[in-house]
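S.K.: sharing a model that was predicted from the sequence below.
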Amino acid sequence: MPEDKRGLDFRTRAVHAGERGSQPKGQPVAAPVYPSTTFTYDSMAEMDAVFAGEREGYVYTRHGNPTVDALSDAVNTLEEGAGACAYASGMAALHAALFACDLPPGSTVLASQDLYGATAGLLSKVFGVFGVQTIQTDFFNLDKLQTRARELRPRVLVAETISNPLLKVCDIDACAEVARSVGARLVIDNTFATPYLCQPVRHGADFVVHSATKYLGGHGDVTGGVTVVADSADMPALVAAMKLVGGILGVWEAHQILRGMKTLVLRMERQCANARELAEKLSGHPRIARVLYPSLDAGDAAEEICRRMLRAPHAGALVTVALADDTREAAFRFMDALRLCVRSTSLGDVYSAVLHPATASHRDFSPARRRELGIGDGIVRVSVGIEELTDIYDDIRQALEA
């Protein structure tokens, strides 16, 4: 505490002791955590200049925070974008990206039919209320996609690098060409691939969205989201969404995600290798009708897209199995019999986890719509962890037999 405070009453000193001291001379090796909600300056003129955007600085954590910005900068660096903004969840990040696309009433979003259920819900139940029409189509039929784009003249196209839960790999290059041909923006959810496997900006995406809850954090203990832009001109809209909507990421969560990212490559290498081998081992099992994995029996065209979009030899760390008994009861029996793999409604953690899309990620879809999309009641998605593969496989095999 500065000397001029020592004459103050004990009660006052208890409040101010240890605060606002001089900055350390050495630079911290790890990004510091700044839990302060506000930031002060030596003069009101200086604070006013920061508030006005005339000089760099921080005034209020809802407007920006050094710890959160460290995470945003890290993700932006890995994605090779022009800027990034972090939010409280992946859904908040997606909302911000769509907000930045400027969707007035009467505009149209052309979305992939292979999307996370909550993404479809955000488009229909939130943006739909404000007069934005969402049409879903098959982004893996490029002729159909081009035709629909020319008919609808959408303002935005939305897709996932690796689709949830059927694990189809999007040809982002082709989708970007379609978007440009009709003057639309392209939003890509890169959560399943991570920047390690794919950098959508390099393939023509305008916005890249991550649920940092998944692979970026990687340990099942933090929730967050990040949106990356290809053009810095889109950054003010992302920041405005953070300031005005208020879905800000907490500093402790930002610190945890940033720390998790340090081992992203190590985890993804292990998880992708485990997933590929697990998919191969499960193929042909009598209780499984089909194993879905991007590089497994995908056909020449799909394999070419996989090689072009993802970092070879990897094709993601998720494996989806379609049980021969395509019923909810069979899926529940299988999942209940697992001893090692965790029943979880998320993915991307260090431990292996299973999810039943019909009652989780796509619960709000009607049974008929799920069947139309190929999401049967016997579909189970496996998020493969970093455990010893033999242990993962033995657990799934004994559960199938059970």
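M.R.: Yep, that arrived.
S.K.: what distance do you get for Phe51 to Asp69?
M.R.: 17 Å (Cβ to Cβ, to the nearest Å). Yep, even glycine has a C-beta here, placed from its N, CA and C like the rest.
S.K.: of these two, who's got more company?
M.R.: Asp69 (18 against 15; other Cβ atoms under 10 Å).
S.K.: look up how far Tyr58 lies from the closest residue in space to the more buried one that isn't next to it in sequence.
M.R.: Once flanking residues are discounted, Asp69 sits nearest to Ala86: 8.0 Å by Cβ to Cβ, 6 or more residues apart in numbering. The spacing between Ala86 and Tyr58, counted by Cβ to Cβ, is 14 Å.
S.K.: restrict the longest helix along the chain to CA atoms and write it as CSV.
M.R.: Counting by DSSP state H, the longest helix found in the chain is helix 264-282. Taking C-alpha atoms only, helix 264-282 is exported to CSV below (Å, rounded to 0.1, in the frame of the first residue of the first chain):
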residue,chain,number,x,y,z
LEU,A,264,-4.8,-29.6,-27.9
VAL,A,265,-2.4,-31.2,-30.4
LEU,A,266,-1.3,-34.0,-28.0
ARG,A,267,-4.9,-34.8,-27.1
MET,A,268,-6.1,-34.7,-30.7
GLU,A,269,-3.3,-36.8,-32.0
ARG,A,270,-4.1,-39.5,-29.5
GLN,A,271,-7.9,-39.3,-29.8
CYS,A,272,-8.0,-39.3,-33.5
ALA,A,273,-5.6,-42.3,-33.7
ASN,A,274,-7.8,-44.1,-31.1
ALA,A,275,-11.0,-43.2,-33.0
ARG,A,276,-9.7,-44.5,-36.4
GLU,A,277,-8.6,-47.8,-34.9
LEU,A,278,-11.8,-48.2,-32.9
ALA,A,279,-13.9,-47.6,-36.0
GLU,A,280,-11.9,-50.3,-37.9
LYS,A,281,-12.2,-52.8,-35.0
LEU,A,282,-16.0,-52.2,-34.7
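S.K.: report the rounded mean pLDDT for that helix.
M.R.: For helix 264-282, the mean per-residue pLDDT is 97.
S.K.: before we move on, back to that, so Ala86 and Tyr58 - more neighbours on which side?
M.R.: Ala86 (34 against 16).
S.K.: give me the phi and psi angles of the more buried one.
M.R.: phi -100, psi 150 (degrees, to the nearest 10).
S.K.: please name the bridge partners of it.
M.R.: Val226 (DSSP bridges).
S.K.: touching, it and Leu71? I think so.
M.R.: Yes. With contact defined as Cβ atoms under 8 Å, Ala86 counts as touching Leu71 (5.2 Å).
S.K.: anything in contact with each of these two?
M.R.: Ala212, Gly224, Val226, Leu249, Ala254 (Cβ atoms under 8 Å, 6 or more residues apart in numbering).
S.K.: if I pick the fourth one, what's in contact with it?
M.R.: Applying Cβ under 8 Å, 6+ apart to Leu249 gives the contacts Val68, Leu71, Ala86, Tyr87, Ala88, Gly224, Gly225.
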